[in-house]
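**Q** Sequence and computational prediction follow.
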Amino acid sequence: ERAGRNNKRHEYLLRSLLVCGCCGLRMHGVCDRNGVRRYQCSGKESLRSSPTPCPSRLVRADQIEELVWQS
């Protein structure tokens, strides 16, 4: 029910389940040119939440997903 409708190329286990610790918005999956998957705060690229982008860092998807599977 929370799945992004435009991302069909890469799988993200925690898509829209992670919440940013800085601003509280949902995090979504992004992939760079090298194929490295990361989670990014929705407030980093959108100005709808505030006039300044969220200062949070991207989280590597493989690392955070492995921690979730282990727990």
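**A** Received, thanks.

**Q** What count of nearby residues applies to Cys23?
**A** A count of nearby residues for Cys23, using other C-beta atoms under 10 Å, gives 16. To be clear about C-beta, it is placed using only N, CA and C from the backbone, and glycine gets the same treatment.

**Q** Roughly how far does it sit from Asp32?
**A** 22 Å (C-beta to C-beta, to the nearest Å).

**Q** quick one: the strands in this structure?
**A** For the chain, the strands defined by DSSP state E occupy 27-31, 37-41, 59-60.

**Q** what lines up beside the second one in the sheet?
**A** Pointing back at strand 37-41 there. Strand 37-41 has the following strand partners under DSSP bridges: strand 27-31 (antiparallel), strand 59-60 (antiparallel).

**Q** how distant is that strand from the center of its chain?
**A** 3 Å (C-alpha atoms, centre = their mean, to the nearest Å).

**Q** Contact partners for the nearest residue to Ser42 once chain neighbours are set aside?
**A** Nearest in space to Ser42, with sequence neighbours left out and distances taken as C-beta to C-beta, 6 or more residues apart in numbering, is Leu25 at 4.4 Å. Contact analysis of Leu25 by C-beta atoms under 8 Å, 6 or more residues apart in numbering lists 19, 41-43, 49, 54.
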